[in-house]
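Q: Task: produce atomic coordinates for the following.
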Amino acid sequence: MSDALERLRRLAGLRPQKSRTELTYIPLDEEGEPRPARSPAVQGRLEELAPGQEVETAVGCCYAATTAFPLEEERGRERLANALEARPATLALFHPEFRLDRDMRFTDAVFLDTETTGLGGAGVYAFMVGVGTFERWEGALHRADGAAGSKGVRATPTHFVVRQFFMRHPGEEAALLAALAELLETKQWMVTFNGRSFDLPLLRSRYRQNLAFLPVHCHRASRLEEGQPHLDLLPPARRLWRRRLQSCRLIHLEQRVLGVERGEEDVPGALIPALYLDYLRTGQAGEMRRVFYHNREDIVSMAALASHLVQVYASELTQPDELAAEDLFSLALCHESQNATSLAERAYRLALERAATDALRNEIFARWSALLKRQARWKEAAELWERWFTTVKGADVTPFIELAKYHEWQTRDLEQAEMWAAWGLHTVEALPAHRRLPGQRADLEHRLRRIQNKRKNLRIV
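A: Coordinates of the predicted model:
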């Protein structure tokens, strides 16, 4: 069969194909010619730029750069140590798909981020996988000593340790995946940023592609499987900050939420695939220092952001000084979705006090009054509707319509109902035609006629 295949290849003008066991990686120079093997001096340069060491696995070696951050270190407005007190299960109330148990802690989690050769497709590699863990740091390369010991006693973490597994050429992919699988088994769950959509599906694909080369115990990398506990920070971040921020990319959240500015050595994520391909082509590791920095910053920021998110979602809003009006409004909607009415109303009230635009005030009044209306708290809702049109000078007709309904059906004060309906109709008629909602004027005219007819019939009786 193989002879026939090779004959077909020759007929088609194709070069003979090597078997999988024969495949080797040969770096090429600018002219496409095989490049001589890199000298020890060039290989050592990577170690100087990204301190670490070679990791040996059953299927070969890869490189791992290791950086330990003391927990006292501040990440903008957050200290890394804050994560030790945070309760991730707070976010499970709003995102049950994360499967977070109430006893889970960030000390049991792996913070994971990948750098890849592209954005998708079968040929995309994760050439770098960075993982961060809270642990007692004693210089171990990739064993997370913060995990429970043989007697079930947790060692108190002293550092947040980032290990960046890196394949110096595609032939080291199996070794990288084996080293990663070993580390993942030391922890109980996963934290990523957009990992549900990108990082984890990609890694699952790469493990499947490398089944023939990996030890059996590395085939599954169970922490990466669907259905495992996994906190993806992007959905709760979007839910909370998308009204205020134009973008919820991690680097923007660093700047606008955590107050972190990266150093000049950072590199835009869009350039990273090209930098890695250039490294493979030339063997020069200079620009890879920036890629290691970028990945490391992502992971440390994820730890700080996770802690901050939990604090905001768990806040009783007794000291909400740092929350903007838009964030408070988003938080109110989150609490309302969980039927936490008192917290929702507290957030609505604070958001209204801090709102700087009529557009935002209209949104807050509309949602808050709708909450009161659903609970049949009619008097409070009416007071809010009256406050609405006296606070926001504009053309929103909603408070007039709601007050007309309230007095027609709840207080049975038809004189008041007629006044509010007429006021609403006058407001709509003053609007340019392009700003009127379809059918709005006709509905108000119909409502006003009905109320007037009711009053006329009462006078006849």
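
Q: Can you find which helix in the protein contains the most residues?
A: The single longest helix within the chain, with elements called by DSSP state H, is helix 288-314.

Q: Quick check: the gap between the residue nearest the centre of the chain and H159.
A: Closest to where the C-alpha atoms of the chain average out (C-alpha atoms, centre = their mean) is L234, at 1.3 Å. Per C-beta to C-beta, to the nearest Å, L234 is found 26 Å from H159. (Glycine included, C-beta is placed from N, CA and C.)

Q: Over to A381?
A: Applying C-beta to C-beta to A381 and H159 gives a distance of 53 Å.

Q: one step back: report the contact partners of the residue nearest to the centre of the chain.
A: 193-194, 196, 248 (C-beta atoms under 8 Å, 6 or more residues apart in numbering).

Q: got those residues as a markdown table, with pLDDT columns?
A: A markdown table is the format used below for the contacts of L234 (pLDDT from 0 to 100):
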| residue | pLDDT |
| --- | --- |
| F193 | 99 |
| N194 | 98 |
| R196 | 96 |
| C248 | 97 |
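
Q: Neighbours of P432, how many?
A: The number of residues packed near P432 is 7, by other C-beta atoms under 10 Å.

Q: Run me through the strand neighbours of the strand or helix carrying V55, direction for each.
A: Assigned by DSSP states H and E, V55 belongs to strand 52-57. The pairing partners recorded for strand 52-57 under DSSP bridges are strand 60-70 (antiparallel).

Q: got the buried residues for the strand it pairs with?
A: 60-67, 69 (16 or more other C-beta atoms under 10 Å).

Q: What ranges does the chain have for its strands?
A: 52-57, 60-70, 74-75, 78-79, 109-116, 126-135, 159-166, 189-192, 230-232 (DSSP state E).

Q: Tell me the buried residues in the first one?
A: This points to strand 52-57. For strand 52-57, by 16+ other C-beta under 10 Å, it's 52, 55, 57.

Q: quick one: the last one and A175 touch, right?
A: Yes: between T57 and A175 a contact is recorded at 4.7 Å, counting by C-beta atoms under 8 Å.

Q: give the contact list for the closest residue to T391 other than its chain neighbours.
A: With C-beta to C-beta, 6 or more residues apart in numbering as the criterion, T391 has its nearest non-adjacent residue at 6.4 Å, and that residue is R361. Counting by C-beta under 8 Å, 6+ apart, R361 makes contact with 352, 355, 391-392.

Q: which one of the residues you listed is nearest L224?
A: Nearest to L224 among the contacts of R361, counting by C-beta to C-beta, is A355 at 42.8 Å.

Q: which ones are touching that closest one?
A: Taking C-beta under 8 Å, 6+ apart, one finds 325, 329, 361, 364 in contact with A355.

Q: now do F400
A: 389, 420-421, 423-424, 427.

Q: Find the nearest non-adjacent residue to it, please.
A: G424 (3.2 Å).

Q: Tell me which residues touch that neighbour, please.
A: Each residue near G424 by C-beta under 8 Å, 6+ apart is listed here: 397, 400-401, 404, 444.

Q: ok, which stretches of the stretch 351-461 of the chain are helices?
A: In the stretch 351-461 of the chain, the helices defined using DSSP state H, counting those that start in this stretch lie at 358-374, 378-391, 398-406, 414-429, 440-460.
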